[in-house]
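Participant: below are the sequence and a predicted model for it; my questions follow.
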Amino acid sequence: MAELRIDVETLAARLAAGERPFLLDVREPWEFDLCRLDGSVNLPLGQLQDFDPAAVGGGQDLIVICHHGMRSLRATLWLRGQGLEATNLDGGVDRWAAVVEPDMARY
């Protein structure tokens, strides 16, 4: 099974190397509108039961994102309970903005 967590530096390096994991952002739409990782898909935590596993391509990693990494950890654990290999982005978009993309809006 995939690691439970991934840090922003590792994800940034993987993206820079051309990897394209499925980025599932479980924040609320107003948060997603403020800032997001390019290519991420928004599905609020409260609607996670509506997630269609078929959206994740074969062999594609599933990375779950939120503001600081707590909601996404809950989502990651739930998705794993459903049999999916999900990984939580440690520190969420806030850490991403602080370390990887300093021009990204923060809240």
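Facilitator: Received it, and whenever you're ready, just let me know what you need. As the structure is a computational prediction, the values presented were derived from the model and not from experiment. Residues are numbered from 1 along each chain as shown.

Participant: tell me the buried residues in the one helix or strand residue 78 maps to?
Facilitator: Counting by DSSP states H and E, the element that carries residue 78 is helix 70-81. Buried residues in helix 70-81, defined by neighbour count with 16 or more other Cβ atoms under 10 Å: 71, 72, 73, 75, 76, 78, 79, 80. The way it works is simple: take the backbone N, C-alpha and C, and place the C-beta from them, glycine included.

Participant: got the contact list for the spatially closest residue to the last one that is not a sequence neighbour?
Facilitator: So the one you mean is residue 80. Spatial nearest neighbour of residue 80, excluding adjacent residues (Cβ to Cβ, 6 or more residues apart in numbering): residue 86 at 5.7 Å. Counting by Cβ atoms under 8 Å, 6 or more residues apart in numbering, residue 86 makes contact with 2, 24, 62, 63, 64, 75, 76, 79, 80.

Participant: how about 7 Å then?
Facilitator: Residues in contact with residue 86 (Cβ atoms under 7 Å, 6 or more residues apart in numbering) are 62, 64, 76, 79, 80.

Participant: low pLDDT regions in this structure?
Facilitator: Counting by pLDDT under 70, the chain shows low-confidence ranges at 1.

Participant: okay, strands next: where are they in it?
Facilitator: For the chain, applying DSSP state E gives strands covering 5-6, 22-25, 41-42, 62-65, 86-89.

Participant: got those as JSON lines, with distance to residue 15 columns?
Facilitator: Below are those laid out as JSON lines (distance: least, Cβ to Cβ, whole Å):
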{"stretch": "strand 5-6", "distance to residue 15": "11"}
{"stretch": "strand 22-25", "distance to residue 15": "9"}
{"stretch": "strand 41-42", "distance to residue 15": "15"}
{"stretch": "strand 62-65", "distance to residue 15": "10"}
{"stretch": "strand 86-89", "distance to residue 15": "12"}
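
Participant: who touches stretch 48-55?
Facilitator: If you take Cβ under 7 Å, 6+ apart as the criterion, stretch 48-55 is touched by 22, 26, 43, 75, 78, 84.
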